[in-house]
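Asks: prediction below, plus the sequence it came from.
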Amino acid sequence: MIKTDTKPKIKFTKYEKFIIAIIAITQFTIILDFMVMSPMGAIMMPALKIDPTKFGNVVSAYAFSAGISAILTAGFADKFDRKRLLIFFYIGFIIGTLLCGIATDYDFLLIARIVTGIFGGVIGSIGMAIITDLFAPKMRGKVMGFVQMAFASSQVLGIPVGLKMAKEWGWNSPFLMIVGLSIIVLITIVVYLKPVVEHLKVQSDKNAFVHMYHTLTKPFYLQAFLSTVLLATGGYMLMPFGSAFSVNNLKLSVDDLPMLYLVTGISALIAGPLIGKFSESIGKYRMFLFGSILSIITIITYANLGPSEFWVVLLLNCILMLSITARIVTSSTIMTSVPVMADRGAFMSINSSVQLLAGGIAAKVAGQIVSENADHSLVHYDTLCYVVSVTAIITAIMVYFINEKIKMVNAERAAVVAEKV
């Protein structure tokens, strides 16, 4: 007797596919705006005549301004049509990125990054709220797998092109490229995205600041926010100096960087949807734990490398990207199940805020820890790797309890529904 799979396959409507695509592309532009800073570190620092501390300031300025903006808008995030919020903040992001593209010195760039962060830091949380509103929990793992392809795509498409442009026309040019792409995305959102207003039907009469306070102080939400703080530490500590470490410590050529990021990004591009699919079958937390263990092993190995062959660095970067993708996809999916509908916008904004603020602090601390030798090689980069590994262990424990709590709440809700029936 032939067994057939009776589990219904998830199929998306044409409009749902559009939602996934537009959120992914929007995320792509936001992520690229941040990600392009890291590989250009080896180009920007000598061009602007700044040291690692000042470069860390430029990176953290975006994170701090984005975090503060996200927390201030949290109380209003559930009070308006999410489409209108997305359009407003995306326009501000485009203006900020344009300022980066015309910056002429360190001070101008620092101000431009602050402006970009004020608007760009909120967009990710709006996108997450839209996904949570429009897709059922059983579909979100697969959706997140596709949306997180934006992270990989920024490396496959954006970073190599950005590096090439930076070498040919100066470090400002990648930001102007992002502006051009973002304008096209903005027009698409205005024309084709339908209003997202279902959450307005369950809003209470409490004002925005009371709503923000209540969301910020719920014990279960606080657990999620704290785990997000630790999740943010790794990326913001390691990524800003990744290219400089590769060039000055591992002795790769600047010309190797586009290929390094291209191949690494392709591996993540392939891994994203697969991880989203498998996380639905084997369990989101199990996939998260796998990614955490793999990242710790890879980071510690990377920290102890000396001058290396290109293929060794490439292999480690691909493995590390696989582990990061596994953690991002699964943790993002788990977090969508934490808030109730009435709190989703506020929760996502606060979650984005604490992530960015924690990232800003991490980048600032990293800039203080890392220093340069006379030959521009980085000192104490291994210390950052060990700190990140410890936070990964603690985060894995915290996410376990959050995931168990979600299971318990879902079981209680199912029991209540069964009693009513």
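Replies: Now that the structure is in, tell me what you want to look at.

Asks: number of nearby residues for Lys54?
Replies: Neighbour count of Lys54, defined by other Cβ atoms under 10 Å: 16. Where C-beta positions appear, they are placed from N, C-alpha and C, glycine not excepted.

Asks: what sits against it?
Replies: Leu48, Tyr106, Gly367 (Cβ atoms under 8 Å, 6 or more residues apart in numbering).

Asks: roughly how far does the last one sit from Ala166?
Replies: Translated: Gly367. 21 Å (Cβ to Cβ, to the nearest Å).

Asks: and if you look at the first one?
Replies: Taking Cβ to Cβ as the measure, Leu48 and Ala166 are separated by 12 Å.

Asks: between those two, which one's more packed in?
Replies: In terms of neighbours (other Cβ under 10 Å), Ala166 is the more surrounded of Leu48 and Ala166; the figures are 22 against 16.

Asks: which ones are touching the more buried one?
Replies: Counted by Cβ under 8 Å, 6+ apart, Ala166 has contacts Met40, Ile43, Ser173, Pro174.

Asks: okay, the first one: pLDDT?
Replies: It stands for Met40. According to the prediction, Met40 has pLDDT 71.

Asks: try the last one
Replies: pLDDT for Pro174: 87.

Asks: that one and Met165 touch, don't they?
Replies: Yes - counting by Cβ atoms under 8 Å, Pro174 touches Met165, with 5.3 Å between them.

Asks: comparing those two, which residue is more hemmed in?
Replies: The neighbour comparison of Pro174 against Met165 (other Cβ under 10 Å) goes to Pro174, with 27 against 19.

Asks: check contacts around that one.
Replies: Val36, Met40, Gly158, Val161, Gly162, Leu163, Met165, Ala166.

Asks: in JSON lines, list those residues along with distance to Ile394.
Replies: Output for the contacts of Pro174, formatted as JSON lines (distance: Cβ to Cβ, whole Å):
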{"residue": "Val36", "distance to Ile394": "30"}
{"residue": "Met40", "distance to Ile394": "31"}
{"residue": "Gly158", "distance to Ile394": "32"}
{"residue": "Val161", "distance to Ile394": "37"}
{"residue": "Gly162", "distance to Ile394": "34"}
{"residue": "Leu163", "distance to Ile394": "34"}
{"residue": "Met165", "distance to Ile394": "39"}
{"residue": "Ala166", "distance to Ile394": "37"}
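
Asks: quick one: low-confidence parts of the stretch 1-150 of the chain?
Replies: Where the stretch 1-150 of the chain drops to pLDDT under 70, the residues are 1-10, 38-39, 42, 74-75, 77.

Asks: can you give me the helices in it?
Replies: Remark: helices assigned in the stretch 1-150 of the chain by DSSP state H, counting those that start in this stretch are 14-35, 41-48, 52-73, 82-101, 106-134, 137-147, 149-153.

Asks: between the ones you listed, which one is nearest to Phe225?
Replies: Closest approach to Phe225 among those (Cβ to Cβ): helix 52-73, 10.7 Å.

Asks: buried ones in the closest one?
Replies: 52, 54-73 (16 or more other Cβ atoms under 10 Å).

Asks: CA-only coordinates of it in CSV, if you can.
Replies: Output in CSV follows, covering the C-alpha atoms of helix 52-73 (Å, rounded to 0.1, in the frame of the first residue of the first chain):
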residue,chain,number,x,y,z
PRO,A,52,38.5,52.0,13.9
THR,A,53,37.0,54.1,16.7
LYS,A,54,35.6,56.7,14.4
PHE,A,55,34.4,54.0,12.0
GLY,A,56,32.7,52.3,14.9
ASN,A,57,31.0,55.6,15.7
VAL,A,58,29.6,55.9,12.1
VAL,A,59,28.2,52.3,12.4
SER,A,60,26.8,52.8,15.9
ALA,A,61,25.3,56.3,15.0
TYR,A,62,22.8,54.6,12.7
ALA,A,63,21.9,52.0,15.3
PHE,A,64,21.5,54.5,18.1
SER,A,65,19.3,56.9,16.1
ALA,A,66,17.3,53.9,14.7
GLY,A,67,16.7,52.5,18.1
ILE,A,68,15.6,55.7,19.7
SER,A,69,13.3,56.4,16.7
ALA,A,70,11.8,52.9,17.0
ILE,A,71,11.0,53.2,20.7
LEU,A,72,9.4,56.7,20.2
THR,A,73,7.2,55.5,17.4
